[in-house]
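Participant: need a structure here:
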Amino acid sequence: MSETEDAPARLETVRKAIRRAERTAGRPEGATTLVAVSKTFGPDEIEPVLVAGHRVFGENRVQEAEAKWLTLRERYADVELHLIGPLQSNKAAEAVALFDVIHTVDRPKIAKAIAKEMAEQDRAVRLFVQVNVGEEAQKAGVALSELDAFLAACRDDYGLAIEGLMCIPPVDEPPAPYFALLQKLAKRHGLAGLSMGMSADFAEAIPFGATHVRVGSAIFGTRPRP
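Facilitator: Here you go, the predicted structure:
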C-alpha cells in the first residue's frame, strides 16, 4: 500500500490521538480542529483524504493552493482552506478570494492589504496573528514586545477582527513552554483561537488549549522534496 493509499488510515490515527488528548486534558470532544496540511501534495494525493470525509486543509503558498483547490473545490465545495504559510502583500487579493482562514497575519502591511481586499471583495476571512514566540531572527511572526500594539492596530486602524494567535515553536526545544506562552497571550487579549501543534507535537498542544492543530506528514506521509 502506498503512502497516498494509506492516508485515510493515517488520518483516522491522528483523529483518535486528538480525541484521546482532549479527553486526557478534560476538554470537550471536537474542541480541536484538525487542519490537514496538504502543501507540496498534488490533487491525486489529497483526494483520498477528501473521500474519507475530511474537509479542513492547510496550504503554505497561495499560488500552489490555487493550482490544486480551484479544481478540487468543484467536486468538494464544502472544503475549508487555511493559509498557514507566509503571505506577501501582492498576493492578498488571491488569498482573500481563496482561503477561509489566514493564520499568518504578522505585520502592518499585510493587515492593511487583507483589510482592503476583504472590503473590496465583500468577503470575511477568519484571521490569526502569528507570534514569534521563540524570538528567532529567521522566523516570521510578531515580536513579543510588539504584540499588544499590533493587535490594537489590527482592531483600531484596520478594522480587523482577530480570532486568535498562531505559533511555531523552536524546533530544537521542548514545545510545551511556548504553547503555554501563546495560551497566556491569547487569554490576556481575550482571543479564543490558538493555532499550534504540528505532526510531532499536536498532542502536547491540546492540553494548552489548541483550537487548531496543523498536521501534514502524519497524515500524508513523507513530504516530497520541493
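Participant: every contact and neighbour count from this point should use C-alpha atoms.
Facilitator: OK.
Participant: all the strands of this structure, residue numbers only.
Facilitator: For the chain, applying DSSP state E gives strands covering 33-37, 56-59, 80-83, 101-105, 126-130, 162-166, 193-195, 212-215.
Participant: distance of the residue nearest to the spatial centre of the chain from residue 121?
Facilitator: The residue lying closest to the centre of the chain (C-alpha atoms, centre = their mean) is residue 84, at 4.4 Å. Residue 84 is 21 Å from residue 121, where distance means C-alpha to C-alpha, to the nearest Å.
Participant: next, the nearest residue to residue 118 once chain neighbours are set aside: phi, psi?
Facilitator: In this structure, residue 118 finds its nearest non-sequential neighbour in residue 124, 6.0 Å apart by C-alpha to C-alpha, 6 or more residues apart in numbering. The phi and psi torsions at residue 124 (degrees, to the nearest 10) take the values phi -90, psi 120.
Participant: state the mean pLDDT of the longest helix seen in the chain.
Facilitator: If you go by DSSP state H, the chain has its longest helix at helix 3-25. In this model, helix 3-25 carries a mean pLDDT of 92.
Participant: other SSEs contacting it?
Facilitator: Judged by 3 or more C-alpha pairs under 8 Å, 6 or more residues apart in numbering; DSSP states H and E, the packing partners of helix 3-25 are helix 43-51, helix 202-205, helix 217-220.
Participant: quick one: closest of those helices to residue 91.
Facilitator: helix 43-51 (22.0 Å; C-alpha to C-alpha).
Participant: in the closest one, what counts as buried?
Facilitator: Within helix 43-51, the residues scored as buried using 16 or more other C-alpha atoms under 10 Å are 45, 46, 47, 48, 49, 50.
Participant: hang on, the earlier thing: ok, now which ones touch the residue nearest to the centre of the chain?
Facilitator: 58, 59, 60, 102, 103, 104 (C-alpha atoms under 8 Å, 6 or more residues apart in numbering).
Participant: next one: residue 37
Facilitator: Listed by C-alpha under 8 Å, 6+ apart, the contact set of residue 37 reads 57, 58, 59, 214, 215, 216, 217.
Participant: ok, the fourth one to residue 158 distance?
Facilitator: Which is residue 214. Relative to residue 158, and taking C-alpha to C-alpha, residue 214 is found at 27 Å.
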